[in-house]
Structures are given as structure tokens and as C-alpha cells.
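*Asks:* I'd like to go over a predicted model; first the sequence, then the structure.
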Amino acid sequence: MIQTKATSINDVQRKWHLVDVNDQVLGRIATVIAHKLMGKSKPYFVRNLDCGDYVVVTNAAFVKVTGNKEEQKNYYRHSGYPGGFRKETLKELRARKPEDIIKHAVKGMLPQNKLRDRMMTRLFVFAGVEHKYGDKFKN
């Protein structure tokens, strides 16, 4: 009788993926990135372990959105102090810190549990083409 072996953290093999989001729609590409971070395409995927891969995202400043989201989509944050509530549109965030657009979209698509922060540490987002992880993709 053959028994299925349970996946342990020692069985996880992490790969590196390079994703260019130039002229890609934000929501569509964020789901692809989230699946790679979770490791859902791996045959040994289990929900209670962090099975995902490393993802390097380039050209975050050039990601597309549909409709009027450039002016109508808002991002909120609070400093924790009275009067510290801040609101900015997607257009303003793209000018200030375009990497946060991708990070915010992907974070919302990951499971809301203790593994999410660990998965987000393996996401590296860059506004332009240049990144410092080029040696990871040379096999």
C-alpha cells in the first residue's frame, strides 16, 4: 500500500522569477505574482506551509490600470497620530513611490494569515528595468 507523504518545510525548493509588468494590467499581473509567492503551482503545495518562490518585479512605474482608476482609486494610510490620516490617488502614488502600487495589490491577494508577511519578504519590486538580482537568473 502506497501512502502519500506529507510536505515538510525541508521539501520546499524555491526558484527565482522575473516579472516585467510594463503595459500589464495591475490586477491581472498581481494574481500571477501572488500565485508564485504562494507556490500554488507546485505539486507539493499545502496551505499551512510557505511553499512559494522569489519574485522580482521590474517596470512597476509603467503598470496599466483600466477605466478611470488613475484618478479615482485611492490609497489610505495613517501615521498613528491625531490628524495623521493621509489619502492619495493612484496617480500621486505612482509619482511618489510606484513600487507600492504592486506591493499593495499583491498583498491583498495573499492569504490573510501569519504566512503573508513571510511571503511578502520574497517580493522585490523595482520602478525601472534595473535590479540587483541579475545573478539569480543565470543558470
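*Replies:* Received the coordinates, thanks. Numbering: from 1, shown residues only.
*Asks:* V106 - how many residues pack around it?
*Replies:* 25 (other C-beta atoms under 10 Å). Where C-beta positions appear, they are placed from N, C-alpha and C, glycine not excepted.
*Asks:* isn't it right next to I33, touching?
*Replies:* Yes - between V106 and I33 there is a contact at 5.1 Å, judged by C-beta atoms under 8 Å.
*Asks:* Overlap in contacts, the two.
*Replies:* Contact criterion C-beta atoms under 8 Å, 6 or more residues apart in numbering; residues shared by V106 and I33: L123.
*Asks:* mind listing what the residue nearest to the spatial centre of the chain touches?
*Replies:* In the chain, the centroid-proximal residue (C-alpha atoms, centre = their mean) is V106; its distance is 3.9 Å. V106 is in contact with A30, I33, A34, L37, M120, L123, counting by C-beta under 8 Å, 6+ apart.
*Asks:* hmm, try it at 10 Å
*Replies:* 26, 29-34, 36-37, 55, 57, 116, 119-120, 123, 125 (C-beta atoms under 10 Å, 6 or more residues apart in numbering).
*Asks:* For it, give its distance to N74.
*Replies:* For V106, the distance to N74 equals 18 Å [C-beta to C-beta, to the nearest Å].
*Asks:* How about L37?
*Replies:* Distance from L37 to N74, by C-beta to C-beta: 25 Å.
*Asks:* Give me the more crowded residue out of those two.
*Replies:* Neighbours per residue (other C-beta under 10 Å) separate L37 from N74, with L37 holding more: 27 against 12.
*Asks:* That one should be in a strand, yeah?
*Replies:* No - L37: not assigned to a strand; according to DSSP: H, G, I helix; E, B strand; the rest coil it is helix.
*Asks:* sec struct for V19, please.
*Replies:* Under three-state DSSP, V19 comes out as strand.
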